[in-house]
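S.K.: can't give you the sequence, but here's the structure:
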């Protein structure tokens, strides 16, 4: 059982306990605790959405900067095209926003 599970069990046992009390008792930031236990976000929410690795992101930024150094600004469609080549898969139309 991790600290979030223990905090959730504590909140279930003592529904009148405030988020601040639980935060202090389990040494978890109050906003993180509230978000996790109310389902607003998960511990891996951001990681699940990533379509490019850190290295691929760096290559993408480098390419964008390379074009910009020649005063060529890429459209979102062009950026998505480069990202798709790097990722080796098709990305959604809303990937670049």
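M.R.: Cool, the structure landed. Nothing here was measured: the structure is a model prediction, and the numbers come from that model.

S.K.: who touches stretch 7-23?
M.R.: Residues from elsewhere that reach stretch 7-23 (C-beta atoms under 8 Å, 6 or more residues apart in numbering): 1, 25, 26, 28, 29, 30, 33, 34, 37. (Each C-beta comes from the backbone N, C-alpha and C, glycine too.)

S.K.: chain center to it, what's the gap?
M.R.: In terms of C-alpha atoms, centre = their mean, to the nearest Å, the gap separating the centre of stretch 7-23 from the centre of its chain is 26 Å.

S.K.: in that stretch, what counts as buried?
M.R.: 7, 8, 11, 19, 22, 23 (16 or more other C-beta atoms under 10 Å).

S.K.: which pair in the residues you listed spans the largest distance?
M.R.: Between any two of the buried residues of stretch 7-23, the greatest separation by C-beta to C-beta is 12.8 Å, found for 8 and 23.

S.K.: related to what we said a few turns ago, the contacts of stretch 7-23 into TSV, with extra columns for neighbour count and secondary structure?
M.R.: Listed next are the contacts of stretch 7-23 as TSV, based on neighbours: other C-beta atoms under 10 Å; DSSP: H, G, I helix; E, B strand; the rest coil:
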residue	neighbour count	secondary structure
1	7	coil
25	14	helix
26	16	helix
28	19	coil
29	9	coil
30	14	helix
33	21	helix
34	16	helix
37	17	helix
